[in-house]
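Q: The following block contains a protein sequence and its predicted model.
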Amino acid sequence: MCVQRQLELGVAWPTPGTKFWDLPPRATPMPVDVGAGSSSVQPKDSRSLDIVHLTAELAPIAKVGGLGDVVHGLARTCLARGHNVTVIMPFYESLPQDQIEGLGFELEVDVPKGYVWDGVMQVGSLRTAVFRGVIGGVPVILIRPSDWNACNLFRGGRIYGGSYNEMESYLYFCRSALEYLRASGQQPHILHLHEWQTSAAAMLYWEVYSQLGLYRPRVVLTIHNLDNTGECRQDEFAYTGIEGEVFATIERALDERTIGHNPERLNLMKGGMVYSNAVTTVSPSYANEVLNGGAAGWLRSTLLRPEIKSKVRGILNGIDVVEWDPARDHLLAANFNSQFPDGKQVCKKFLQKGLGLEENPDKPLVAVITRLVPQKGIHLIKAALFRCVDKGAQFVLLGSGHCDGEFRAMSEQQFKDHKDIRLLVMYSEALAHQIYAAADIILVPSMFEPCGLTQMIGMRYGAVPVVRKTGGLADTVRDVDSHPPGEGNGYTFDGTDEASLFSALDCSFAHFKDKRREWAELSMTNMNTELSWSRSAADYVALYNSIAMP
C-alpha cells in the first residue's frame, strides 16, 4: 500500500456543503508518526527583565488581525527565555471567559477620567476593576469599568466596531493601565506599547506617572501598521483626565495637517513615537519604507527628526511554530513535515472534497487568506481568481472585510458550485489551518505589508508564496528565478498592475506543472525555513537591555 493510501485510512472525509472544519478530521489516529513537532524550548537570557505589554489584541481569543498573533508570540517566547512577562489588555465584553485560565478578580482602582457633561468636558474618576488570568500560556491583566451598567466602554459583541466609543475607550485604557501599575507598586523594566490604541500611554507615562513614583519603565512602541495612526481631538484627549493642550505642539503630538484648523488635532501615534525610548516596525524593509519612502505619509517629517530617526529600527516578526506546526496540527486530516511530506497531498484531497472542488492532485491550488481591505490588493486578488480560471488552476479565498461585497456576490452567483473556485467570505481559524495545509501556492499581493504572517505560515505548511515585493514580504520571500539554485523560496513581483502579478503567478504554475520534483523539493525546503520567534525575540531582548534601567 502506498504511503498516501495508508495515511488516508481513518480520515473522516467531509461532506460538501457542511462546516466540516468544525468536526474532527480523523475518525482514528494517524497510522504513522511523522516525528517530533516543533519545540518551544528557548535559551535562557542572562538577565531577567520585567516586561509589560499594552495591547488591544491578544491571540487566540482577542484576535482581529496579525497584532494579536505578534503580541502573543513575542510574549510567550520571552517568557520561555526566562523573563517576567505580563500583557495588559481591555476586558472586552465579547471575550470568551471560559477560555481564560484562572480568571480572577485582583483589585479595584479609581482612574482619573474626563466626562462630557452638558457639552463641557469635566474631569472625575471611574472605578475600575482589574482581573488576572492566563490566555494561551501568557499571564494577562484585564481591565474594565467596575460597573459596566454605568458606561459602555469595551461593550458589545466584538472587539472593534462594538457599541462603544473606541477613542474614549482606549484613552481610558491607557490611563487605567498606568494607574494599575502605580497602585500595585510595580516597576517593570519595559513598557511595550502596540499601535495607536496604546500610544497615549507613552505620553501619559512621561508627563504624569514618571513623577508619581513609577520611575523605572522605559517605553518601546511597535508600529504594526501606519494605515491608522489615531487622530484625536484635543478635547477628546481629556478622556484621560489630562488636557490635550499639554501635547498640542509640533514637537510633541500636534497633527501638522490640522495647523490653522479650528480645532487643531493631536495624533496619538506621533505622540507615542516622540515619547517612547525606542520605536520598532515589524520588518526591516518596512522601517526603510517608513523612513526613506512614502509609507509614513505626513508622519515622515516627524520620523526624520534626528532624535526620532535614531531610535527607529525594524525587527521582523516570527510565527508561533508550535501553533502552526503541520507535524502536530490536530486540525489536519494528515500530519506532515519535510521528512514525511506525503500527508500534504491527503490534506489537499480533504479540502477539495470538503469544498466540493474537483479532486485533482495535478491542479495547483492557490490560497488567499486575508482581510478583504484595500491594503491587501483587492484588484489583484480578483485578477488572480480569473487567471486561475484561465490557466486551469484552483483558487480558494478565505476572508472578510469592508471590501468583501464583490467576492460575496461572485461566490453566490458566477462561481457558485464552480469545480475549481471557492470564495469563502468569512473567517475560521480551523479552516485556515486546513487551507494552509492543502495549498500549493499562497498568494499575498498586498499594496503595502509591514510584515505579513500569511506567507510565513504558508511556507511552514509547504506552500510556495507568490507575493508583491514590499515590506516584510520582501524580507521573507526570495524569487526563485532571481536567486541561485537553493536560495529562492517563492515568486515576487514589483508592480501593482495585473501584468506584474500574472508574470509571477504564471511562473509558479509552470514550475508546478513542468518541474514537479523541483517543486516538491522547494515545498520541503520551505517547511524547514526558520520562521519562529526565537531570533526576533532575541533582537527585542537586546533592544530592551539597551534602554532598560538596572
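A: Noted; the coordinates are in hand.
Q: how far away is the residue lying closest to residue 332 once chain neighbours are set aside from residue 150?
A: With sequence-adjacent residues excluded and distances taken as C-beta to C-beta, 6 or more residues apart in numbering, residue 332 is closest to residue 437, at 5.0 Å. (Each C-beta comes from the backbone N, C-alpha and C, glycine too.) From residue 437 across to residue 150, the span is 48 Å (C-beta to C-beta, to the nearest Å).
Q: Pairing partners for residue 125 in the sheet, please.
A: With DSSP bridges applied, residue 125 shows beta-bridge pairing to residue 112.
Q: quick one: it from residue 203, how far?
A: Distance of residue 125 to residue 203, computed by C-beta to C-beta: 20 Å.
Q: neighbour count winner among these two?
A: For the pair residue 125 and residue 203, the greater number of neighbours falls to residue 203 (27 against 13), based on other C-beta atoms under 10 Å.
Q: ok, the more buried one to residue 543 distance?
A: With distances taken as C-beta to C-beta, residue 203 is found 21 Å from residue 543.
Q: same thing with residue 19?
A: Residue 19 sits 43 Å away from residue 543, going by C-beta to C-beta.
Q: again, but for residue 115
A: The spacing between residue 115 and residue 543, counted by C-beta to C-beta, is 38 Å.
Q: Now do the phi/psi pair for the closest residue to residue 82 other than its chain neighbours.
A: Closest residue to residue 82 apart from its sequence neighbours, by C-beta to C-beta, 6+ apart: residue 44 at 4.3 Å. Backbone torsions for residue 44, taken as degrees, to the nearest 10, come to phi -90, psi 130.
Q: so what secondary structure elements neighbour the worst-scoring helix or strand of the chain on mean pLDDT?
A: None of the helices or strands of the chain scores lower by mean pLDDT, DSSP states H and E than helix 3-8, at a mean of 86. Helices and strands touching helix 3-8, by 3 or more C-beta pairs under 8 Å, 6 or more residues apart in numbering; DSSP states H and E, are helix 343-355.
Q: moving C-terminal of the helix it packs on, what's the next helix or strand?
A: Sequence-wise, the next helix or strand downstream of helix 343-355 (DSSP states H and E) is strand 365-369.
Q: Just checking: what are the partner strands of that following strand?
A: Strand 365-369 pairs in its sheet with strand 394-398 (parallel), strand 441-444 (parallel), by DSSP bridges.
Q: Which SSE is immediately downstream of it?
A: Following strand 365-369 in sequence, per DSSP H and E, is helix 378-391.
Q: Could you tell me the per-residue confidence at the most centrally placed residue in the chain?
A: Centroid-nearest residue in the chain: residue 66, 0.9 Å away (criterion: C-alpha atoms, centre = their mean). We have a pLDDT of 89 for residue 66.
Q: now swap in residue 162 and tell me
A: On pLDDT, residue 162 comes in at 73.
Q: Tell me the spacing between it and residue 480.
A: Remark: distance between residue 162 and residue 480 (C-beta to C-beta) = 45 Å.
Q: residue contacts, residue 437?
A: Residues near residue 437 by C-beta atoms under 8 Å, 6 or more residues apart in numbering: 326, 329, 332, 336, 344, 347-348, 351, 461-462.
Q: Relative to residue 296, which of those residues is nearest.
A: Nearest to residue 296 among these: residue 461, at 33.3 Å, using C-beta to C-beta.
Q: was I right about the closest one contacting residue 435?
A: No. Assessed by C-beta atoms under 8 Å, residue 461 is found out of contact with residue 435, at 9.1 Å.
Q: What subset of the contacts of residue 437 is buried?
A: The neighbour count (16 or more other C-beta atoms under 10 Å) marks 326, 329, 332, 336, 344, 347-348, 351, 461-462 as buried among the contacts of residue 437.
Q: can you list those in JSON lines and add distance to residue 299 and pLDDT?
A: Formatted as JSON lines, the buried ones among the contacts of residue 437 follow (distance: C-beta to C-beta, whole Å; pLDDT from 0 to 100):
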{"residue": "326", "distance to residue 299": "40", "pLDDT": "96"}
{"residue": "329", "distance to residue 299": "40", "pLDDT": "96"}
{"residue": "332", "distance to residue 299": "42", "pLDDT": "98"}
{"residue": "336", "distance to residue 299": "44", "pLDDT": "96"}
{"residue": "344", "distance to residue 299": "43", "pLDDT": "97"}
{"residue": "347", "distance to residue 299": "43", "pLDDT": "98"}
{"residue": "348", "distance to residue 299": "44", "pLDDT": "98"}
{"residue": "351", "distance to residue 299": "42", "pLDDT": "98"}
{"residue": "461", "distance to residue 299": "36", "pLDDT": "98"}
{"residue": "462", "distance to residue 299": "39", "pLDDT": "98"}
